[in-house]
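Asks: Sequence first, then the predicted structure, then my questions.
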There are 2 protein chains.
Amino acid sequence: MATGEARFPEMPEIAGIRLGTAMAGIKRPGQRDLVVIEICEGAHAAATFTRNAFRAAPVRVAQQHLTVATPRYLLINTGNANAGNGEAGIAAARDCCAALAERVEVLPESVLPYSTGVIGEPLPVERIRGGLDGALSALNASGWSAAAEGILTTDTRPKGATTQVALSSGTVTLNGIAKGAGMIRPNMATMLAFLATDAAIEPVRLQQLLREGVEHSFNRITIDSDTSTNDACTLVATGCGSALLNEEDIAAFRDALIKVLQTLAHAIVRDGEGATKFVTIDVEQARSEEEALEVAFSVAHSPLVKTALYASDANWGRLLMAVGKAPVEQLDVERIGIDLNGVTIAEKGGRAADYTEEAGATEMAKEDIVITIRLGRGNQKARVWTSDLSHDYVSINADYRS
Amino acid sequence: MATGEARFPEMPEIAGIRLGTAMAGIKRPGQRDLVVIEICEGAHAAATFTRNAFRAAPVRVAQQHLTVATPRYLLINTGNANAGNGEAGIAAARDCCAALAERVEVLPESVLPYSTGVIGEPLPVERIRGGLDGALSALNASGWSAAAEGILTTDTRPKGATTQVALSSGTVTLNGIAKGAGMIRPNMATMLAFLATDAAIEPVRLQQLLREGVEHSFNRITIDSDTSTNDACTLVATGCGSALLNEEDIAAFRDALIKVLQTLAHAIVRDGEGATKFVTIDVEQARSEEEALEVAFSVAHSPLVKTALYASDANWGRLLMAVGKAPVEQLDVERIGIDLNGVTIAEKGGRAADYTEEAGATEMAKEDIVITIRLGRGNQKARVWTSDLSHDYVSINADYRS
């Protein structure tokens, strides 16, 4: 299941970026499972990775490579996460990078590895090697759509976003693709996301922009509260186009980046495992953004709220329960109000006086739900996005070895 | 569903305690939904309540009454939680206490109210009033089993535990009953639990013993991570029997109390909504008990671990993921080991060398699972109990308005 329309945008080319895919036989036959992204010389890259202590081997190798060299190639496989494989996993990730580096004559450290799929199975290095020539010969600047397909696991649809930014010295383009589906409670970045722009951006600025953007997108979504071992988000600025020259340019690019990242983050939630609802949780009138986030995630992670959403049950009692269990000091329940798509369902800590079950049922029947929670104790706010908890979520994760 | 055997013990009488039940029509007809517990004069009572900021009206009234008078009657209804009802809920809880107090000629503050069931519906005060005479006329010292039935909501079986403690001046008895099922991640106490002993115990000591016991029982279980608005655990010491005279007596009673509380806590997990597994999570070699608990609850709350348990899938990768996402500083994954019912499945952060899928599958097929996690960074430990996440959990909570 998934919510919203399955739209993949027309992705324009990004000067300095080519993408190639192959079917290496890591997943079932006939499925793209290997992606190579080529980056021109002179580009800069920024990246954020999972904060799970069990960082998968490719995450650890990518982090190390980033300290040594500027990335020229991103090497992504699905079907195997290369996580929990100890030293053998590290060696396998390095072997794959070396195999690609040898073919394209760059340093092995110029290749960043990414893996997603089953945890704890040895990475099929020979199959990945065997798929490299095909992926390299398929490299082309219009390969974004194929690459978006090539990185999927239990996702039901490819996810892409694109925008253009008018800078003072010309217009630049920003493309992004992502995968998600389950084990989604990113803490730095989501499962896998790759973005590229032709803008020229200095490395420190690029990392700062990505970190800020991720904080307002991937770090604000949750499907099942489980933080993956393989989360990675990478942004490449090829520098083939215009540069960020002043504060206005930086602001314009920042806005565009957040927009693209949020589009991808929303696409991941809409395609969450078993998702039948797309839920926006707005917490307002908090004392700090931190406590607003605590309340928002307490509601977003509550199995009882999520099953009520699945059942289209405007169960404001469960919402109050989930607000109340958040670790917020001295929460005064008498001040709390909750809206459902703009319909006030609770106020002063109880059912709103003019609320009717019919009005609540009408809103809950919709696929897109906005829950607004007013804490009545300050002027800070936070927004997160989540999905519901359905029978299909249980089926998918009781059947799938991730 | 539920795990383990549905055994309700023979509950002996506790001198000074009588219990009566009635069918007041709050739940479906023909179901016990009203319970009165009478406590003799001179008894002491201790209680712990939910830490959810949305404490239900009966919790707030009970807390206030405890500051004014010594409890003589506990008045419990199921079918309606009297939560989220604002000032009207407080008034309703007080009305019920007053109606009972009038009949038995005690102060209204000598009655403690407890409610469990649907949130946000007005408490049917008239039905409760109407059931009082029946419950009072049914009062008898051997009413423990009927009372255990009378407090159930979505539970599939009554839950009771009893033990005897040899004190220096004689043997005393300790009985307990509880209800659970869903919205179970107690933070102070569980949904509802009532315990009584004929021992003579001073109020301060009694509260301390209960607090300590709850910390090692109800505060160590989780079914769905959702903390109820109505959690309450009450322990009455009637003083009709022997007194705790020295440190040995206190230690003996403490051990017995923890045993009874743990038996009730386990019964709640075994009867968790949709539960097909009873899972013990032991975290060892932690730097502090606090971090051991963080890791244990991170694993116990993980939907991906819980669906793997439901599927009897020895998915050590998900276990490592759930350990790794716990908020523990500088966790060294290379030191971590995990056992499943004593079979080592992971060591040094990866699959154990001599582990076979067959050995894991054999253990996971069992109904009772012990997951032992060694962090390799200290000598502190913690244990929690939980259930799995099944299709039935989703069905129950998508259908039931709690």
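Replies: Perfect, thanks for sending it. Fair warning: this is a prediction, and the values are worked out from it, not measured in the lab.
Asks: Which strands or helices does the lowest-mean-pLDDT helix or strand in chain A pack on?
Replies: Least confident helix or strand, chain A: strand A:221-222 with a mean of 73, by mean pLDDT, DSSP states H and E. Contacts defined by 3 or more Cβ pairs under 8 Å, 6 or more residues apart in numbering or on different chains; DSSP states H and E place strand A:221-222 against helix A:247-270, helix A:289-301, strand A:380-386. Glycine gets a C-beta too; all of them are placed from N, C-alpha and C.
Asks: Contact partners for the residue in the stretch 1-150 of chain A positioned nearest to chain B?
Replies: Taking Cβ to the nearest Cβ, chain B has its nearest neighbour within the stretch 1-150 of chain A at A:Ile119, 2.7 Å off. Going by Cβ atoms under 8 Å, 6 or more residues apart in numbering or on different chains, A:Ile119 touches A:56, A:81, A:83-84, A:229, A:402, B:315, B:317-318, B:320-321.
Asks: Narrow those to those in helices?
Replies: B:317-318, B:320-321 (DSSP state H).
Asks: Now the two most distant members of the residues you listed.
Replies: Maximum pairwise distance among those (Cβ to Cβ): 7.4 Å, between B:Arg318 and B:Leu320.
Asks: what's the closest non-adjacent residue to A:Pro29?
Replies: For A:Pro29, ignoring the flanking residues on the chain, the nearest one in space by Cβ to Cβ, 6 or more residues apart in numbering or on different chains is A:Met23 at 7.1 Å.
Asks: show me where pLDDT drops low in chain A?
Replies: Applying pLDDT under 70 to chain A flags the ranges A:1, A:181-191, A:224-228, A:400-402.
Asks: where do the helices sit along it?
Replies: Secondary structure of chain A (DSSP H): helices at A:57-68, A:86-104, A:125-137, A:144-150, A:203-215, A:247-270, A:289-301, A:303-310, A:316-324, A:357-364, A:391-399.
Asks: Determine the number of other residues adjacent to A:Asp392.
Replies: Per other Cβ atoms under 10 Å in any protein chain shown, the neighbour tally for A:Asp392 reads 16.
Asks: Quick one: name the residues of the stretch 201-350 of chain A near chain B.
Replies: Those residues of the stretch 201-350 of chain A that sit near chain B, judged by Cβ under 8 Å from any Cβ of the partner chain, are A:224-229, A:301-304, A:307-308, A:310-311, A:313, A:315-318, A:320-326, A:328, A:331, A:333-334, A:346, A:348-350.
Asks: picking up where we left off before, dump the helices of chain A to a markdown table, plus distance to B:Thr238.
Replies: Output for these, formatted as a markdown table (distance: least, Cβ to Cβ, whole Å):
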| stretch | distance to B:Thr238 |
| --- | --- |
| helix A:57-68 | 61 |
| helix A:86-104 | 59 |
| helix A:125-137 | 71 |
| helix A:144-150 | 70 |
| helix A:203-215 | 58 |
| helix A:247-270 | 55 |
| helix A:289-301 | 40 |
| helix A:303-310 | 37 |
| helix A:316-324 | 34 |
| helix A:357-364 | 45 |
| helix A:391-399 | 46 |
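Asks: Quick one, which of those helices gets closest to A:Asn341.
Replies: Of all those, helix A:357-364 comes closest under Cβ to Cβ, at 4.2 Å.
Asks: mind listing what's buried in the closest one?
Replies: A:359-360, A:363-364 (16 or more other Cβ atoms under 10 Å in any protein chain shown).
Asks: Not counting its neighbours along the chain, what's nearest A:Met11?
Replies: Nearest residue to A:Met11 in three dimensions, chain neighbours excluded: A:Trp144, at 3.7 Å (Cβ to Cβ, 6+ apart).
Asks: The residue in the stretch 251-400 of chain A positioned nearest to chain B: how many residues sit nearby?
Replies: Using Cβ to the nearest Cβ, the single residue of the stretch 251-400 of chain A nearest to chain B is A:Gly317, 2.7 Å away. Residues lying near A:Gly317 (other Cβ under 10 Å) number 27.
Asks: got a list of what it touches?
Replies: B:81, B:83-84, B:118-120, B:229, B:402.
Asks: A:Ser169 now?
Replies: Neighbours of A:Ser169 in contact, by Cβ under 8 Å, 6+ apart: A:242-243, A:245, A:249.
Asks: So if we follow the domain assignment, how does chain A break up?
Replies: Chain A breaks down into these domains under automatic domain parsing: A:17-270, A:278-386.
Asks: looking at these, which is closest to B:Ser217?
Replies: Using Cβ to Cβ, the domains of chain A put domain A:278-386 closest to B:Ser217, at 19.4 Å.
Asks: and the residue nearest to A:Met11, what does it touch?
Replies: Here A:Trp144 is in contact with A:11, A:19, A:160, A:175, A:177 (Cβ under 8 Å, 6+ apart).
Asks: Was I right to think the fourth one contacts A:Pro12?
Replies: Yes - look at A:Asn175 against A:Pro12 with Cβ atoms under 8 Å: they come within range, at 7.1 Å.
Asks: Between these two, which contacts overlap?
Replies: By Cβ under 8 Å, 6+ apart, the residues touching both A:Asn175 and A:Pro12 are A:Thr162.
Asks: More neighbours: these two, which one.
Replies: A:Asn175 (25 against 16).
Asks: circling back: now a ChimeraX select for only the buried ones of the contacts of A:Gly317.
Replies: Only the buried entries of the contacts of A:Gly317 go into this ChimeraX selection, using 16+ other Cβ under 10 Å:
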select /B:81,83,84,118,119,120,229,402
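Asks: mind listing which of the contacts of A:Gly317 are in strands?
Replies: Under the assignment DSSP state E, the contacts of A:Gly317 contribute B:Val118 to strands.
Asks: so how many other residues sit close to the closest residue to A:Leu319 other than its chain neighbours?
Replies: Leaving aside its sequence neighbours, A:Leu319 sits nearest to A:Ile338 (Cβ to Cβ, 6+ apart; 5.5 Å). Neighbour count for A:Ile338, taken as other Cβ under 10 Å: 22.
Asks: Kindly state the beta-bridge partners for A:Ile338.
Replies: Applying DSSP bridges to A:Ile338 gives these bridge partners: A:Ala346, A:Ile373.
Asks: B:Leu210: which of the helices and strands packed on strand A:221-222 is closest?
Replies: Among the helices and strands packed on strand A:221-222, helix A:289-301 sits nearest to B:Leu210 (Cβ to Cβ), with 27.3 Å.
Asks: now the angle from the closest one to helix A:316-324?
Replies: 140 degrees (axes from the mean of the first three to the mean of the last three Cα atoms, to 10 degrees).
Asks: For helix A:289-301, C-alpha coordinates in CSV please.
Replies: Presented in CSV, the C-alpha positions along helix A:289-301 are these (Å, rounded to 0.1, in the frame of the first residue of the first chain):
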residue,chain,number,x,y,z
GLU,A,289,11.4,23.3,19.5
GLU,A,290,12.9,20.4,21.4
GLU,A,291,9.8,19.7,23.5
ALA,A,292,7.5,20.3,20.4
LEU,A,293,9.5,17.5,18.7
GLU,A,294,9.2,15.2,21.7
VAL,A,295,5.5,15.6,21.7
ALA,A,296,5.3,15.2,17.9
PHE,A,297,7.3,12.0,17.9
SER,A,298,5.5,10.6,20.9
VAL,A,299,2.3,10.9,18.9
ALA,A,300,3.9,9.7,15.7
HIS,A,301,5.3,6.6,17.3
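Asks: Give me the contacts around it.
Replies: So helix A:289-301 is contacted by A:185, A:222, A:225, A:279, A:281-284, A:286, A:305, A:319, A:322-323, A:325-328, A:371, A:373, A:375, A:380-386, B:225 (Cβ under 8 Å, 6+ apart).
Asks: From the chain's centroid, how far away is that helix?
Replies: Chain-centre distance of helix A:289-301: 18 Å, with Cα atoms, centre = their mean, to the nearest Å.
Asks: Kindly report the same for stretch A:305-324.
Replies: Worked out by Cα atoms, centre = their mean, stretch A:305-324 lies 25 Å from the chain centre.
Asks: quick one: buried residues of that stretch?
Replies: Buried-residue list, stretch A:305-324, by 16+ other Cβ under 10 Å: A:305-324.
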